[in-house]
Every structure is written in C-alpha cells, then in structure tokens.
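> model this:
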Amino acid sequence: SMRATASDIDKFVISKNVKDIQPGSFVTYKNHVEVRIDKNNPFYYVKDQSVIDSRTNELVHSFAKWFRIPSEVTSIGEGAFSFNTNLRTVIIPSRIKSIGEGAFQYCSNLKFVAIGKGVESIGLGAFFECDSLETCSIPSSVVQLSSLFYGCDKIVEIKIDKDNPRYYVDGNCIIDKTQNQLAATFGKDVVIPDGVESMAPMSLMSTARSLYIPASLKLENSMFRYCDKLNSLTFGE
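Take a look at the predicted model:
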C-alpha cells in the first residue's frame with residue numbers, strides 16, 4: 001500500500017492517554033487540519049480550533065484559519081501557528097506572557113504584528129521566513145528576545161517602545177543596551193552601530209545582503225555562519 005504523507009492527512013485523533021505533544025506534531029502541508037482530542041484526556045483539550053495544554057494554559061497548536069487566542073491561554077507554544085498562510089494580521093493580547101520559538105514561522109502572508117504589553121519573552125525565530133511581514137511593534141514589557149526576523153525581506157519598520165528597559169532599535173539592528181550587545185537584525189542592509197561590543201547567540205541569523213561590522217565589535221568564530229544571502233561585507237577602520 002502507498003505510504004501516507006503529511007499532505008494526505010486531514011484529521012488527527014488523540015486518545016485519552018497522550019500526555020506529551022511535541023511542537024510541530026500537527027504541521028502538514030495543509031493550513032487547516034482538524035485535531036480532535038478524547039474528552040477524557042486530562043492533559044490536553046481543543047477550544048476555538050486550538051489545542052491547549054490544561055496544565056500550563058499554553059496554546060500548543062492552532063488549526064484555525066484566522067488568528068484567535070482562547071481566553072484562558074497565557075502563552076503561545078513553539079511553532080503554534082507555523083505554516084498558516086491565511087494569517088495577515090496578528091495582534092497578541094496583553095494576557096500572553098511568552099511567545100515560543102518559531103511560533104509564526106512560514107506564515108508567508110503575515111504583514112502586520114502588534115505584540116501586547118504583557119509579553120515578556122519572544123523565542124528564537126518567532127517570525128522565521130514570514131516573507132510578507134512589513135511591520136512589528138514590541139512593547140516595553142519584552143525583556144527577552146532572540147533573532148526574530150530571519151527571512152523577512154519586506155520589513156519596513158520594527159518599533160520598540162521607548163520605555164523598554166533593555167532593547168532599542170538602531171537602523172536595522174535591535175540592540176541590548178544593558179550589555180551593549182547586538183540582539184537581532186532585520187532587513188537587507190544592516191549597519192551594526194559603532195560602539196556595539198558583542199553579539200548575542202544567533203543575533204546574526206540574518207538574511208542581510210550587506211553588513212557593516214564596526215571596529216568595536218569583537219570578532220567571533222563562525223559569526224557569519226547564518227548570513228547565507230550576504231554579498232557585501234564591510235569592516236570598520
């Protein structure tokens with residue numbers, strides 16, 4: 001018989017005994033694959049076309065065609081909305097405390113993101129390969145973020161609230177002012193500001209075409225490993 005592929009799957013049915021659903025378990029080539037969970041499962045349940053962990057109030061996976069967060073959810077899990085090509089606008093409510101790694105990766109039609117004041121951490125590559133994304137606003141409450149925008153070639157503006165105690169935007173860079181450190185980059189032409197001394201891990205996970213490295217920045221082994229579209233590199237005096 002023919003082996004089923006991810007594109008053949010229309011529905012997942014989860015028994016009452018399943019207590020550990022790994023990130024990406026329900027990701028297929030389709031946007032809208034139904035998930036059903038046995039009503040006697042004490043660990044997970046489905047509400048508003050979202051799989052929710054009853055122990056943590058984390059949204060594990062959304063199979064809705066629109067952006068919707070059930071009222072009890074306080075965190076968005078790793079890869080929860082990944083590959084949802086229906087999403088165009090995402091406004092994250094203030095009750096959400098964290099956004100997991102790759103939460104919106106490959107949402108290729110997503111254009112606008114507003115993150116509510118209350119979110120404290122945003123995981124690595126949260127918007128990885130969102131290649132229609134134009135603008136994102138980050139509130140003062142965010143005190144932990146990693147490289148967010150790899151593969152987001154259409155970004156026009158990233159805003160960080162002026163009252164954020166840790167991060168600010170300078171050109172196409174997000175700078176951690178508490179450590180004088182590069183936290184993330186975005187866009188095609190990246191100029192790391194003079195005076196920045198170090199890089200956070202994965203902060204140069206970048207689709208930059210051109211990159212300026214100031215003399216103040218400490219050079220590291222394999223620092224350009226994830227700059228796979230780079231064609232112009234300039235070092236400061």
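> from now on I want contacts and neighbour counts done on CA atoms only, so please keep to that.
OK.
> grab the nearest non-local neighbour of the residue nearest the centre of the chain.
Nearest to the centroid of the C-alpha atoms of the chain, with distances taken as C-alpha atoms, centre = their mean, sits residue 126, at 0.6 Å. In space, and not counting its chain neighbours, residue 126 is closest to residue 102: 4.0 Å by C-alpha to C-alpha, 6 or more residues apart in numbering.
> contacting residues for that neighbour?
For residue 102, the contact set (C-alpha atoms under 8 Å, 6 or more residues apart in numbering) comprises 78, 79, 80, 82, 123, 124, 125, 126, 127, 128.
> want to throw the residues you listed into CSV with secondary structure and distance to residue 92?
Output for the contacts of residue 102, formatted as CSV (DSSP: H, G, I helix; E, B strand; the rest coil; distance: C-alpha to C-alpha, whole Å):
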residue, secondary structure, distance to residue 92
78, coil, 15
79, coil, 15
80, coil, 13
82, coil, 15
123, coil, 14
124, coil, 17
125, coil, 17
126, coil, 13
127, coil, 13
128, coil, 17
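> identify, from those residues, the entry nearest to residue 13.
The shortest approach to residue 13 among these belongs to residue 80, at 17.7 Å (C-alpha to C-alpha).
> for burial, what's the neighbour tally of the closest one?
By other C-alpha atoms under 10 Å, 28 other residues sit near residue 80.
> same check, this time on residue 47
Using other C-alpha under 10 Å, residue 47 is surrounded by 13 other residues.
> list the contacts for it?
Contacts of residue 47 by C-alpha under 8 Å, 6+ apart are residue 70.
> counting neighbours, what do you get for residue 54?
16.
> before we move on, what about residue 234?
Residues near residue 234, counting by other C-alpha under 10 Å: 11.
> now swap in residue 179 and tell me
15.
> and it, how far is that from residue 160?
Distance of residue 179 to residue 160, computed by C-alpha to C-alpha, to the nearest Å: 17 Å.
> ok, the residue nearest to the centre of the chain - contacts?
When contacts are counted by C-alpha under 8 Å, 6+ apart, residue 126 touches 99, 100, 101, 102, 103, 104, 105, 148, 149.
> tabulate those (a markdown table), appending distance to residue 199 and secondary structure.
Shown next, in a markdown table, are the contacts of residue 126 (distance: C-alpha to C-alpha, whole Å; DSSP: H, G, I helix; E, B strand; the rest coil):
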| residue | distance to residue 199 | secondary structure |
| --- | --- | --- |
| 99 | 22 | strand |
| 100 | 21 | coil |
| 101 | 19 | coil |
| 102 | 21 | coil |
| 103 | 23 | coil |
| 104 | 24 | coil |
| 105 | 23 | coil |
| 148 | 14 | coil |
| 149 | 16 | coil |
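> got a ChimeraX select line for the buried ones in those residues?
Entered in ChimeraX, the line below selects the buried ones among the contacts of residue 126, by 16 or more other C-alpha atoms under 10 Å:
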select :99,100,101,102,103,104,105,148,149
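> show me where this structure has its helices.
Taking DSSP state H, the chain contains no helices at all.
> gap between stretch 25-37 and the chain center?
Taking the mean of its C-alpha atoms, stretch 25-37 sits 19 Å from the chain's own mean (C-alpha atoms, centre = their mean, to the nearest Å).
> just the C-alphas of it, formatted as PDB.
Taking Å, rounded to 0.1, in the frame of the first residue of the first chain, the C-alpha atoms of stretch 25-37 are listed here in PDB:
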ATOM      1  CA  SER A  25       3.200  17.400  15.700                       C
ATOM      2  CA  PHE A  26       0.300  18.600  13.600                       C
ATOM      3  CA  VAL A  27       2.100  20.600  11.000                       C
ATOM      4  CA  THR A  28       1.300  19.400   7.500                       C
ATOM      5  CA  TYR A  29       1.300  21.000   4.000                       C
ATOM      6  CA  LYS A  30      -2.400  22.000   4.600                       C
ATOM      7  CA  ASN A  31      -3.400  25.100   6.500                       C
ATOM      8  CA  HIS A  32      -6.400  23.600   8.200                       C
ATOM      9  CA  VAL A  33      -6.100  20.000   9.600                       C
ATOM     10  CA  GLU A  34      -8.700  19.100  12.200                       C
ATOM     11  CA  VAL A  35      -7.400  17.900  15.600                       C
ATOM     12  CA  ARG A  36      -9.700  16.000  17.900                       C
ATOM     13  CA  ILE A  37      -8.800  15.100  21.500                       C
END
